[in-house]
Every structure is written in structure tokens, then in C-alpha cells.
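Asker: Sequence plus predicted model, see below.
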Amino acid sequence: METQVDEIAAGVYRLSTFTDAVAGGFTYNQFLVAGDDALLFHTGKRLMFPAVSAAVAKVIPLERLRWVSFGHWEADESGALNLWLEAAPNAEVAVGTLGTLISGNDQAIRLPRPPMADGEVLDLGGKQVRWIDTPHVPHGWDAGLLFEETTSTLLCGDLFTHTGAAPGLTENDVVGPAGAAEDLFGATCLTAGTAPTIRRLAGLAPQTLGIMHGSSYRGDGAAALHALADDYDRRFQASLGATGSNAR
Ligand SMILES: [Fe+2]
Ligand SMILES: [Fe+2]
């Protein structure tokens, strides 16, 4: 198992591990924001830790890791958390309110920092990340995302998930491939709030999307998010129709 490193925006690194065991080809990506206080977004699964930590060590000494953050509690997002906390003695968990209070205070070997409020900015020294609550988007009531403000990079977690041996960065369409993966996995929680939450993210007008499964995207992030929201609107409406016909 080897983890590839690509700088997708200045000082923002995608760490990518490919497996052919899922959907014929799938990537698990973490993102390292290399401020003076470095932040890792997503931990990877425990079995990936040797490969992913070796990849981080190519960019910064592991001891420089100050924050470990992720979009929600789930094996690929948070599974290796305690291995990171052991390897980086100064690192603390930085996630939102529900994630901290429900899981973080119980699961982490060191107490997390106080919860990140919706819209709160964490100054990393040369980089700054804003936490955005996105409950149930794409899944998990504790869900949230990070926006790196100096590079206009949205670390958008499972949103835009697509399969394949994805290169580090693409300027090609990521909405169509995300729809194909949604057809395959059904991973997103479809509610009346799904599309509006994604449209709220479009207001950030990101120039780069750090996608957890697939290539990162450079281009008009707002347009991509609006198109993704439209696709979820369509899916939500279709699910209402399906529910109605079942009820009859
Ligand atoms: Fe997830
Ligand atoms: Fe994921």
C-alpha cells in the first residue's frame, strides 16, 4: 500500500491511497494543510496509517501536526485518529459541536479542543480554516466541512465522491462521476435539507475542491456545487415519489 502526495493548492496536500477492492477502483484521500500549525483533514483507516503517515512525513515532521479534523465519525474519516494522536504529541482533535460532545470526548485518547462553532475560523499561521456545520450532508448528524480561506479550497469530504484511479487534480467535470457513484453507493442522506446545504457551500465560491474519494477539482467550485445540489434535488423529489407509490 502506497500513498501518493499531490499539492492541490499552495500548502494544501492531497494524500491518496488507491485500492482496487472497492468498486473496481477507489481512492481514500486525506488533506494536509501545512500552516505553521499543520492540520490533517481525515485520518484514513487504521490499516492505512503506516502509508499515510509516511506520506505526511515527506511534507512535514509528524510532530508538527497540531490539529486532526474530519467531516464526521466513520472509519475512513476518523478510524486512525488515536494513532495520529500517539504519533503527534501536540495534536488535538478539532471538529464541530456534535462530533466533539457525542464522540470525541469519548473516543479520543486526548480530550479534543472545545468544539468548532459553525463559521469559526482556526488560524494555522499562514493558513486558516473555517468550520462549516453540514448536518446529515452527506451523512452523519455531526457532519461538517472545512474551508481553507487563503487558497479558497473547500475540503468537501464525501461530497463529489467518484470511483477510479483518480489523478491528484482535474479540471474535468466531477458532477457526472459523482452522480454515477451515488447511483452505485447511495451514500448520501437524502432530505429536504440536502440541496440547500450544498447551495450554502456554493456561496464560498471555492476555486479548489478537496474531494475525499476521487480527484480534487480546480475550477468554478460554485457552479459544481450548484449542479450537485440540483442533482440531489432531483433525487430527493424522486424518493418522495417512490415513497408515495409504495404507500398506495
Ligand atoms: Fe463518510
Ligand atoms: Fe469517506
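Answerer: That came through, no problem. Ligands and ions are numbered 1, 2, ... in the order given.
Asker: okay, CA-based contacts and neighbour counts for the rest of this
Answerer: Noted.
Asker: Going by contacts, tell me the helices and strands next to the helix ranked longest in the chain.
Answerer: Counting residues, the longest helix in the chain under DSSP state H turns out to be helix 221-247. Contacts defined by 3 or more CA pairs under 8 Å, 6 or more residues apart in numbering; DSSP states H and E place helix 221-247 against helix 175-185, helix 194-202.
Asker: Please produce CSV containing these, extended by distance to G140.
Answerer: Shown next, in CSV, are the helices and strands packed on helix 221-247 (distance: least, CA to CA, whole Å):
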stretch, distance to G140
helix 175-185, 16
helix 194-202, 12
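Asker: okay, which residue is most central for this structure?
Answerer: Central residue of the chain (CA atoms, centre = their mean): G157, 2.0 Å from the mean position.
Asker: pLDDT below threshold where in the protein?
Answerer: Residue ranges of the chain with pLDDT under 70: 243-248.
Asker: So which of the helices and strands packed on helix 221-247 is the most surrounded?
Answerer: Most buried of the helices and strands packed on helix 221-247, by mean neighbour count (mean count of other CA atoms under 10 Å): helix 194-202, with a mean of 20.
Asker: Surely S216 touches I8?
Answerer: Yes: counting by CA atoms under 8 Å, S216 touches I8, with 7.1 Å between them.
Asker: Of those two, which one has the most company?
Answerer: Using other CA atoms under 10 Å, the more surrounded residue of S216 and I8 is S216, with 27 against 22.
Asker: and that one, what is it in contact with?
Answerer: If you count contacts by CA atoms under 8 Å, 6 or more residues apart in numbering, S216 has them with 8, 167-170, 208-210.
Asker: If we use 10 Å, what do you get?
Answerer: For S216, the contacting residues are 6, 8-9, 14, 29, 153-156, 160, 166-171, 174, 208-210, by CA atoms under 10 Å, 6 or more residues apart in numbering.
Asker: next one: H226
Answerer: Here H226 is in contact with 175, 195-196, 198-203, 232 (CA under 10 Å, 6+ apart).
Asker: hmm, 6 Å instead?
Answerer: R199 (CA atoms under 6 Å, 6 or more residues apart in numbering).
Asker: Do a quick rundown of the helices in this structure.
Answerer: With DSSP H as the criterion, the chain has helices spanning 49-59, 75-78, 81-87, 97-98, 105-107, 175-185, 194-202, 221-247.
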